[in-house]
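Peer 1: Structure for this input, please:
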Amino acid sequence: MARVADPAELARILPGVWNIRASSGGYWKNGTREDPRVRIEITQKSPLQLREFYEYFRRDKGDREFEAVAEWKGSHFSWRMDEHPEAQSAFVVSDTPATPDVIALHISNSAETESSVTIFSRAHLAVEEVRALISRDTYSFELTADEFWQLSWLSGSSDS
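Peer 2: Sure, this is the predicted structure:
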């Protein structure tokens, strides 16, 4: 399996802009948040700390955004939102050597979130390409067949 546990490798892979292409978690899965994406920046190299800037569109509220911090804890990231301290979880990253442009975040359950998987891809990959890539290699992304089928695939403005 392709769990990324080396902070130097994570620091190489994660920075930049990612489209959120699929999720089994309710926040993205419910369909009210369109064209979701996240920009990830490194704020500290050791221990690795990331600042994440999420953006999406809601038909009832327009463009929306929020920030979060992810801190490397030796085997996983601890994730939290500054504005909502109760919104916190932990996640690990899986990728495949076939492409550095798609990753799976495995999010653990907490008091505020259920266990889920969220798929990120670089903008140049359409959702159909990402789905096909993952369906051919669920093992590398550490997805069971059940987890794959629970994913809701999201389309963005660049997918039309």
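
Peer 1: Could you report the separation of Glu55 from Glu67?
Peer 2: Glu55 sits 10 Å away from Glu67, going by C-beta to C-beta, to the nearest Å. (Glycine included, C-beta is placed from N, CA and C.)

Peer 1: how about stretch 35-45: buried residues?
Peer 2: By neighbour count with 16 or more other C-beta atoms under 10 Å, stretch 35-45 contains the buried residues 35-38, 40.

Peer 1: do the same with stretch 42-56
Peer 2: Neighbour-count burial for stretch 42-56 [16+ other C-beta under 10 Å]: 48-50, 52, 54-56.

Peer 1: Helix or strand: which one has His106?
Peer 2: For His106, the host element (DSSP states H and E) is strand 99-107.

Peer 1: on that earlier part again, same list, the buried residues of stretch 35-45, but as a markdown table with pLDDT and secondary structure please.
Peer 2: Below are those laid out as a markdown table (pLDDT from 0 to 100; DSSP: H, G, I helix; E, B strand; the rest coil):
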| residue | pLDDT | secondary structure |
| --- | --- | --- |
| Asp35 | 93 | strand |
| Pro36 | 96 | strand |
| Arg37 | 97 | strand |
| Val38 | 97 | strand |
| Ile40 | 98 | strand |
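
Peer 1: okay if I get these as CSV plus distance to Glu147?
Peer 2: Below are the buried residues of stretch 35-45 laid out as CSV (distance: C-beta to C-beta, whole Å):
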residue, distance to Glu147
Asp35, 24
Pro36, 19
Arg37, 22
Val38, 20
Ile40, 23
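
Peer 1: Might one say that Ser78 is in contact with Val92?
Peer 2: No. Here Ser78 does not reach Val92: they are 11.2 Å apart, not a contact under C-beta atoms under 8 Å.

Peer 1: confidence score at Ala111?
Peer 2: If you check Ala111, the pLDDT there is 58.

Peer 1: same question for the longest helix along the chain, mean pLDDT?
Peer 2: Ordering each helix of the chain by length in residues (DSSP state H) puts helix 127-136 first. Helix 127-136 shows a mean pLDDT of 94 in the predicted model.

Peer 1: Can you pull out the low-pLDDT segments for this protein?
Peer 2: The model of the chain has pLDDT under 70 over residues 1-2, 110-113, 156-160.
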